[in-house]
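1. Pasting the sequence and the predicted coordinates here, then a few questions.
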Amino acid sequence: MEVKKDLVKTIFREYDIRGEYKTQIDEDTAYTVGLAFGTKIRSLRKNVCVVGHDNRLSGESLANALLEGITSTGVSVKYLGLVTTPMYYFACLYLKIDCGVMVTASHNPVGDNGFKIAVENYDNICGKKVEELYDIAMKGEFEKGSGEIETVDVRDAYLERLTRDIKIDRRLKVVIDPANATTSILVHDVFDKLNLDIVYINDVSDGSFPSHHPDPSVPENMVQLREKVLEVGADLGIGYDGDGDRLGIIDELGNIVAIDTFMAIVWDDIFESAKNKTALFDVKCSKQLEDEIVRLGGTPYIYRTGNSYLKYKVKEMDLTFGGELSGHVFFRDKWDGFDSGIYASLRLIEIVSKSGRRLSELYNHLTVYYSTPEIKIKTTEEKKFKIVESVLEYCNENDVEVITVDGVRAKFEDGWALVRASNTGPNLTLRFEAKTEDRLESIRNEYMSLVESLNK
């Protein structure tokens, strides 16, 4: 491997490193990231880390190059091989090693890959700490040494941890769709041992994702799951993303259950026993969730999007539960606080089973709002932040109340509009909500027209 002296700076994103394999990220990139990472943790007086990779086609090759870079700095590696991201998080806790690298591009296009990185305290780096790795790589003054690689298998321990505190009171029929992504290597070992009637689709691991893209936050990727739920008369369906840290949900009627709705269901279940009744959720979530938290007597806390930020905030504030609309959720009541799509689905199944009701009946009391899905608008890395600044100026000029923790969320008495810069690509993310469909269309048209005019 050779040190990459012309790293693409834009792959160093807000809370990880991601880009297109070969054109933006290749084995020399991985080797150089390994050198920079090893040098950084050596500066923190650490000499061992954890590394794993998901099932993307380039995963093993990039991981091998990464290992070469890390060990060249004198850092030894506990190597997990093919794992989900939650398995990697678990391994760090299980081995009591608070730093490491997971080779994954999560839900990005099939040709992408990247790195989620922790340097201390088990937290993925984000913001300026990602930039710091880029600076170390470009400076080129790396530590030298000869670390060792030890292959470690945490599979059995992780499987035991997943189901340890789950109690299924009623046998449900559940459709599971791993989308041929990395959870395919685990789902049978998890669900076949439980008191459930399980139907699997797309459950063979294949990093080319032949059935559909593994991003359950996109409705078109949930079509096969919805059809199978209705075909077999299932109680619910669960889909997972590329590296297994997020989930998507279909109820028995074939409806997509939004993650903010799922969070409201969880809060209804855990609220009385929760030690901390502050509910953390990101700016993309519906006011429906906020209303439910207030009804229960809790305190809503709106925060920025990004699993690294939310995971850190949940821990910092010692919260019982939190999450974001994309499907990252963090349980800290009888779980270890990291985001696992499989664990979150087990908690949902547990709630439905003990309720004696259908899934759709667990959220039909929530306030009804009309909202759009996330709308992504292509732009450039440079322009996306300028557009958000211009939207803020527009709101200020029109005396519109705003939340600016992440982009601009314009607040109205009967709805809201969100415009934010994506953390994972050259995109803007928009979402709109209102109490009536007509008002939703009015808000949407106003802010879509504004953004489109700024994006020319």
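-> Alright, I've got the coordinates.
2. how about low-confidence regions in the stretch 301-450 of the chain?
-> Across the stretch 301-450 of the chain, the ranges flagged by pLDDT under 70 are 424.
3. residue ranges of the helices in it, please?
-> Counting by DSSP state H, counting those that start in this stretch, the stretch 301-450 of the chain has helices at residues 307-316, 341-355, 381-397, 437-454.
4. Ok, which of those helices comes nearest Thr10?
-> Thr10 lies closest to helix 381-397 among the helices of the stretch 301-450 of the chain, at 5.3 Å (Cβ to Cβ). No exception for glycine: its C-beta is placed from N, CA and C like everyone else's.
5. tell me the SS of Glu150?
-> Three-state call for Glu150 (DSSP: H, G, I helix; E, B strand; the rest coil): strand.
6. Apart from its chain neighbours, what residue comes closest to it?
-> If the residues on either side of it in the chain are set aside, Glu150 comes closest to Lys78, at 5.7 Å by Cβ to Cβ, 6 or more residues apart in numbering.
7. which helices and strands does the helix or strand harbouring that neighbour pack with?
-> Using DSSP states H and E, the secondary-structure element containing Lys78 is strand 76-82. With contacts defined as 3 or more Cβ pairs under 8 Å, 6 or more residues apart in numbering; DSSP states H and E, the secondary structure elements packing on strand 76-82 are strand 48-53, helix 59-71, helix 85-95, strand 149-151.
8. Most tightly packed of these?
-> Between the helices and strands packed on strand 76-82, the one whose residues have the most neighbours on average, counting mean count of other Cβ atoms under 10 Å, is strand 48-53 (a mean of 25).
9. So what touches that strand?
-> Outside strand 48-53, the residues within contact range by Cβ atoms under 8 Å, 6 or more residues apart in numbering are 37-38, 41, 59-60, 62-63, 66-67, 70, 75-83, 85, 87-88, 91-92, 95, 97, 99-104, 147, 152.
10. about what we covered before: minimum distance to Ile198: which of the helices of the stretch 301-450 of the chain has it?
-> If you check each of those against Ile198 by Cβ to Cβ, helix 341-355 wins as the nearest, at 10.2 Å.
11. got the angle for that closest one vs helix 85-95?
-> Comparing the axes of helix 341-355 and helix 85-95 via axes from the mean of the first three to the mean of the last three Cα atoms, to 10 degrees yields an angle of 100 degrees.
12. Against which helices or strands is helix 341-355 packed?
-> helix 85-95, helix 155-163, helix 187-191, strand 236-240, strand 247-251, helix 259-270, strand 329-331.
13. sorry, back to before: can you add distance to Ala30 and give the helices of the stretch 301-450 of the chain back as TSV?
-> Output for these, formatted as TSV (distance: least, Cβ to Cβ, whole Å):
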stretch	distance to Ala30
helix 307-316	20
helix 341-355	25
helix 381-397	22
helix 437-454	36
